[in-house]
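Engineer: here is my input, please return the structure:
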Amino acid sequence: MAEYLLSPEALDNLQSILEFIALDSPTGAEQMLDELFAAFEKLAEWPRQGHTRPDLTDRKVRFWPVASYLVVYRGDRTPLQIVAVLHGARDVPTVMRNR
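Structural biologist: Residues are numbered from 1 along each chain as shown. Modelled structure (predicted):
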């Protein structure tokens, strides 16, 4: 199995996602986390799957959609680094600029 690391910010993002979804559905929160972790594993195996988004950031990261979320990662590192997990409705350029 390929490896990946979660940045402290990504861990905070996951905690927030879990807490928010669990307000309505604890089961749904667990399912969303399962989907995200499955995506992390898939990206670690095939790190060039995502897209660069120069319209969102000039950082050397890629984006991969999972449901309503964007997994932001650095595929040029071993192990792959998950930088953030952001809801797609957020102001992604501002969030990325502040990281």
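Engineer: now the longest strand seen in the chain, how far from the centre of its chain.
Structural biologist: As assigned by DSSP state E, the longest strand anywhere in the chain is strand 80-87. Offset of strand 80-87 from its chain centre (Cα atoms, centre = their mean, to the nearest Å): 3 Å.
Engineer: that strand pairs with which strands?
Structural biologist: Counting by DSSP bridges, the strands paired with strand 80-87 are strand 4-6 (parallel), strand 69-74 (antiparallel).
Engineer: what helices or strands is the least confident helix or strand in the chain by mean pLDDT leaning on?
Structural biologist: When the helices and strands of the chain are scored by mean pLDDT, DSSP states H and E, helix 92-97 comes last with a mean of 81. If you count contacts as 3 or more Cβ pairs under 8 Å, 6 or more residues apart in numbering; DSSP states H and E, helix 92-97 packs onto strand 80-87. Where C-beta positions appear, they are placed from N, C-alpha and C, glycine not excepted.
Engineer: of the strands paired with strand 80-87, flag the one that's most buried.
Structural biologist: The highest mean neighbour count among these, using mean count of other Cβ atoms under 10 Å, belongs to strand 69-74: a mean of 24.
Engineer: residue contacts, Arg48?
Structural biologist: 62, 75 (Cβ atoms under 8 Å, 6 or more residues apart in numbering).
Engineer: helix, strand or coil for it?
Structural biologist: Following DSSP: H, G, I helix; E, B strand; the rest coil, Arg48 is assigned to coil.
Engineer: brilliant, that's me finished.
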